[in-house]
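Colleague: Coordinates only, no sequence provided:
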C-alpha cells in the first residue's frame, strides 16, 4: 500500500482543477470559430433538406388524395378496367305442392356463344364445335355469317346437360365461350301443367300461376364488383357497387302431387275410353276448401311452351278449363236445390211427389218437362235418387223464382270463388228479374245456368261440410291458424241436419240410383250424376247427341274427407254418355286411391265382420 | 441527437411495417372473402340444380317407373280396421 505526502496531494488537485478549467472555457482561437461556422452550415443544409423532403412528402400525400378523390380520366379508365361488375343472380320463387315438392323451379343452364371477330376460319370453327357437340355445322356458319359484325352470336341459349358435359371435355377454342343463364324448369312435366303455367325467355310469367303470382315470384338480383390485376386474375371485392341479391320465397300450393297424378290418370283414362274431347277433375278438401288436385285433359307440358304458336292443339290444351270454361251443369245441380227446399220447408224427404205416370208434366206457366223414365208417385228423397226432372220442377214451382235464384246465388254461383286460380270466371247466373217462367223449373235441374268445375265442386263441399260453404283456395292453408280458418268460411248455407240428410240420399244415388257404377267396396260414397246436353251455338237449342257427362262425389259418407268432381266433355254416345257411366267410375277410383293415399280407413263393414260383431255382442 | 434520430426512424419504420402488414392482411382477407363469395354463388346454383334433379326424380311417374325397374312387388296398404261402433 503506497502513501503520499500532503504537498504532493495538493499539486495533483491543482493539476486536475487546471484541466477542468480548460474544458469549460473554450479558447477564443481562429480554429474554433471555423468549427462553429461549419456546424451552423450543416444545420442549415439539414433543415433545408428536411424541408424539401417534407414538402415532397406533403405533395405526394396531396397527389394521393387527388388520385383517390378526383382521379384524371386516363387513370380512372385504367382503374375501371381493373374493376368488373358481376351480376348476382337471384332465384325466382319456386312453386311447390303442399308437401314442398317442386312443380316449377329455377336451375342454371349454359348459353353457348361465339365471337366471329376472333374466329379466323368459320368453316373449320363450325365443324370443330358442330360435330362433337351435336349441332349442324352449316347452321352455325350461317348464324355467324348473318351477324358478321357482331361479337356475340348465340349458338345455343340453353345447352342440354349432355352437351354441357361434352363442351367441358372439348379442347379450348378461340372465339367460343359459355356463360351461365337461369332457366325455369318444370320437373313434373304435364302434371298440373295448365295450373302452373309458364314463363317467357325473360323469366316473366306468361300464363297460369306463373303469371298470376308473378310479382311474388320475381326475385331481386344483386351485383358485386371485383378488382382484377393486369393479367385478369381476380383479386378482391371492390367496396362500391355491392348489392345483395334477394331470392323470392316459394309459393306453396294446396295441390298434392300424388293426388294430382291420380286425378290426371283417371280423367285421361275416362276421356280416352269414351272417345271424349276433353275432361276435368277437381278434388277438394271440403273442410278447408283447399284444392288438392285440378286435372285437365288433354295435358299440357309447360316445358313445351315455345311450341304453342305452331301447335294449335297444344294451345287449346294450355287452358285450365276447370276454372276458365263454363258449362251447363245438368242434374249435378239438383242436390243443391233439393237440400234448400228441405231447409226452407218446401218439401220433406218422405213427402210423396207426383212425377206422373207418363213421365211428362206441364207446369202452370212455361213449357212442359219430361223424365227419361216415368216414375209416378215417389218420395222427395227418391226424386233425387232417380234424378227426376219433374219432381224437382214441382217443388221449385212451390219455392218461386226469387227463392230458387237466392239459393243458387248462396252457393256462390254467378261470381268467382276467389280461389286465386288464374283466369277464373264467374259463370252465368242471370238476375231473378230476368228469369222467364221456364227458368224456375229449368234452373233446379241445371239448365239456364253455367258454372265452372271448381264452382260446382265447391258447392258440394257445403253438403259434405255439414252445411258450411268454404272459400276454395289454390294455396295451402295452415291447419293451426284458427283465424285463417274462420276467415275461410263463406257462409252457412244448410243446417247440419239437412246436410247430413242430403248426404244420405246422395249415398242412395250410389247404391240404388243413377250412380251405381261408382259404388265402392272400400268406402261409402255419396254423389250425383249429371248428363247435360251441349248447347248448339250455331242453330240455337241443344245438340241431341253431344253431352257433358259429370259426376260429383264425396267420401266417406259420415265424415267426408274429399269431394271430387269429374266432368267429361263430348263423349262418343255410341260408347256411353251418361254421367254415371262415363265419369262415375273415374270419380270412384279417384276417391278410393286418394283416400288410401291419405290413410283414411275404410268405412265399409264386410258381412263377415258384421257377423263377428253380432256374435261378440251376443 | 443521433441516437434520438435513430430511435425515431426505427419507430417510424416499425409503424410503417406494421401498417403495411395490416394492409396486406386486409387485402388477403378481402381476396378470401371475394373467393368465398364466388364459391357461395356457385354452391347456391349447384343447390338449385340438385333440387331440380330431385324434383324430376320424385315425379310420381318416375317413382312408378323406378318401382317397376327395380322389380318391387308393392300392394296397396291394408285398409285399417274400422273403429268399433
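Modeller: Alright, I've got the coordinates. As the structure is a prediction and not an experimental result, all values here were calculated from the model.
Colleague: Find the helix or strand that the nearest residue in space to residue A:107 that is not next to it in sequence is a member of.
Modeller: Nearest residue to residue A:107, sequence neighbours excluded (C-beta to C-beta, 6 or more residues apart in numbering or on different chains): residue B:52, at 4.1 Å. In this view, the C-beta of every residue, glycine as well, is placed from N, C-alpha and C. Element membership of residue B:52 [criterion: DSSP states H and E] is helix B:2-57.
Colleague: related to what we said a few turns ago, quick one: the residue nearest to residue A:107 and residue A:103 touch, right?
Modeller: No: taking contacts as C-beta atoms under 8 Å, residue B:52 lies outside contact range of residue A:103: 11.5 Å.
Colleague: between these two, who's got more neighbours?
Modeller: Looking at residue B:52 and residue A:103 with other C-beta atoms under 10 Å in any protein chain shown, you find the greater number of neighbours at residue A:103, namely 25 against 21.
Colleague: Give me the residue ranges of chain B where confidence is low.
Modeller: B:75-85 (pLDDT under 70).
Colleague: circling back: the helix holding residue B:52 packs against which elements?
Modeller: strand A:102-114, strand A:176-185, strand A:234-237 (3 or more C-beta pairs under 8 Å, 6 or more residues apart in numbering or on different chains; DSSP states H and E).
Colleague: hmm, back to that, need the residues touching each of residue B:52 and residue A:103.
Modeller: Counting by C-beta atoms under 8 Å, 6 or more residues apart in numbering or on different chains, the residues touching both residue B:52 and residue A:103 are residue A:187.
Colleague: is the longest helix along chain A anywhere near chain B?
Modeller: Criterion DSSP state H: the longest helix present in chain A is helix A:30-69. No: applying C-beta under 8 Å from any C-beta of the partner chain, one finds helix A:30-69 separated from chain B by no less than 10.3 Å.
Colleague: what helices or strands is that helix leaning on?
Modeller: Partner elements for helix A:30-69 (3+ C-beta pairs under 8 Å, 6+ apart): none found.
Colleague: what distance separates that helix from the middle of the whole chain?
Modeller: 76 Å (C-alpha atoms, centre = their mean, to the nearest Å).
Colleague: do stretch A:409-425 as well
Modeller: 19 Å.
Colleague: Show me what it is in contact with.
Modeller: Residues external to stretch A:409-425 that are found in contact with it (C-beta under 8 Å, 6+ apart): A:195, A:197, A:207-209, A:211-212, A:289, A:291, A:294, A:319-320, A:323-326, A:336, A:340, A:408, A:426-429, A:449, A:451-452, A:454-455, A:458-459, A:462, A:469, A:471-475, A:490-491, A:493.
Colleague: and the stretch 401-550 of chain A, which residues reach chain B?
Modeller: Neighbours of chain B within the stretch 401-550 of chain A, by C-beta under 8 Å from any C-beta: residue A:522.
Colleague: those helices in the stretch 401-550 of chain A, which residues are they?
Modeller: A:401-410, A:437-442, A:453-464, A:482-487, A:496-511 (DSSP state H, counting those that start in this stretch).
Colleague: any idea how far the longest one is from the chain center?
Modeller: For helix A:496-511, the distance from its own C-alpha centre to the chain's C-alpha centre is 36 Å (C-alpha atoms, centre = their mean).
Colleague: Stretch A:106-117 now?
Modeller: Using C-alpha atoms, centre = their mean, the offset of stretch A:106-117 from its chain centre is 28 Å.
Colleague: tell me the mean pLDDT over that stretch?
Modeller: For stretch A:106-117, mean pLDDT rounds to 90.
Colleague: And stretch A:564-574, by the same measure?
Modeller: For stretch A:564-574, the mean pLDDT works out to 96.
Colleague: end to end, how far does that stretch reach?
Modeller: Start-to-end span of stretch A:564-574 (C-alpha to C-alpha, to the nearest Å) is 26 Å.
Colleague: residues of that stretch that come out buried?
Modeller: For stretch A:564-574, the neighbour count (16 or more other C-beta atoms under 10 Å in any protein chain shown) marks A:564-571 as buried.
Colleague: So residue A:357: helix, strand or coil?
Modeller: The three-state label given to residue A:357 by DSSP: H, G, I helix; E, B strand; the rest coil is coil.
Colleague: Now for it: which residues touch it?
Modeller: Contacts of residue A:357 (C-beta under 8 Å, 6+ apart): A:374, A:376.
Colleague: Before we move on, what's the pLDDT of the most centrally placed residue in chain A?
Modeller: Taking C-alpha atoms, centre = their mean, the centroid of chain A lies closest to residue A:95, which sits 3.8 Å from it. At residue A:95, the predicted lDDT confidence score is 95.
Colleague: Might you report the residue contacts of the closest residue to it other than its chain neighbours?
Modeller: Setting aside the residues directly before and after it, residue A:95 is nearest to residue A:104 in space (C-beta to C-beta, 6+ apart), at 4.0 Å. For residue A:104, the contact set (C-beta under 8 Å, 6+ apart) comprises A:94-95, A:184-186, A:196, A:210, A:302.
Colleague: try 7 Å this time
Modeller: Applying C-beta atoms under 7 Å, 6 or more residues apart in numbering or on different chains, we find residue A:104 in contact with A:94-95, A:184, A:186, A:196, A:210.
Colleague: Then residue A:290?
Modeller: Taking C-beta under 7 Å, 6+ apart, we find residue A:290 in contact with A:254, A:284, A:473, A:476-477.
Colleague: Run through the stretch 51-200 of chain A and note the low-pLDDT ranges.
Modeller: Within the stretch 51-200 of chain A, no stretch has pLDDT under 70.
Colleague: which bits of it sit near chain B?
Modeller: A:88, A:91, A:101-102, A:105-108, A:180, A:185, A:187-189, A:191 (C-beta under 7 Å from any C-beta of the partner chain).
Colleague: Tell me how many other residues crowd residue A:444.
Modeller: 30.
Colleague: Name the member of the contacts of residue A:290 with the most neighbours.
Modeller: Tallying neighbours with other C-beta under 10 Å puts residue A:284 at the head of the contacts of residue A:290, with 28 neighbours.
Colleague: Tell me how many other residues crowd residue 51.
Modeller: Let's take chain A. The burial count for residue A:51: 10, using other C-beta under 10 Å.
Colleague: that answer is for a different chain, and I need it for chain B
Modeller: Other residues close to residue B:51 by other C-beta under 10 Å number 18.
Colleague: State the distance from residue A:446 to residue A:452.
Modeller: Computed as C-beta to C-beta, to the nearest Å, the residue A:446 to residue A:452 distance reads 13 Å.
Colleague: let me fix that: residue B:61
Modeller: Going from residue B:61 to residue A:452 by C-beta to C-beta gives 28 Å.
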